[in-house]
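J.: Please find the sequence and the predicted model below.
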Amino acid sequence: LVYNPMSQVLSTYIRLPVNDGHSFEVRDYQGRDTESQVMPLIMTIPNIPDRRSFARSELVIPVELPPLGYTTFYATKRAKPGAQIMEQNINFLQLEPEYRFIENDHYRLEVDTTTGLLLHVTFLG
């Protein structure tokens, strides 16, 4: 799940840490193939103090998000050449129709799961 808190369209890249040697098939919420690429991390990232990840690469996905909206992606690890095919999904937050909100201690944002547009803002304080 990728959320855009700004009131304008956001064109950016999602970057997810992944293990070396893997490639991924990425699909959008409608099941369409999405462009993506596995890239090496910049050299300073692995040297961050107290870093707990062993990932040396990142999955990069270009996205365009609607204002105050969200989208979801599903990434499936592809088998290495010569390896047995094992279906392994990295499941990002999958929204069920009855769970159409993003919430914290202060407010709840209800979104339209079809358009990604904001429907309601409820202040909880």
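T.: Alright, I've got the coordinates. Residues are numbered from 1 along each chain as shown.
J.: any idea which helix or strand carries the closest residue to residue 36 other than its chain neighbours?
T.: Distances taken as C-beta to C-beta, 6 or more residues apart in numbering place residue 26 nearest to residue 36, at 4.2 Å, with adjacent residues excluded. Yep, even glycine has a C-beta here, placed from its N, CA and C like the rest. Using DSSP states H and E, residue 26 sits within strand 24-28.
J.: Just checking: what are the partner strands of that strand?
T.: strand 33-34 (antiparallel), strand 73-77 (antiparallel) (DSSP bridges).
J.: Out of these, the one nearest residue 59 is which?
T.: Of all the strands paired with strand 24-28, strand 73-77 sits nearest to residue 59, with 6.4 Å by C-beta to C-beta.
J.: returning to what we had before: the residue nearest to residue 36: how many residues sit nearby?
T.: 20 (other C-beta atoms under 10 Å).
J.: On the strand side of things, show who it bridges to.
T.: Beta-bridge partners of residue 26, as defined by DSSP bridges: residue 34, residue 75.
J.: shouldn't residue 3 be in contact with residue 70?
T.: Yes - the pair residue 3 / residue 70 is scored as a contact, 4.3 Å apart, by C-beta atoms under 8 Å.
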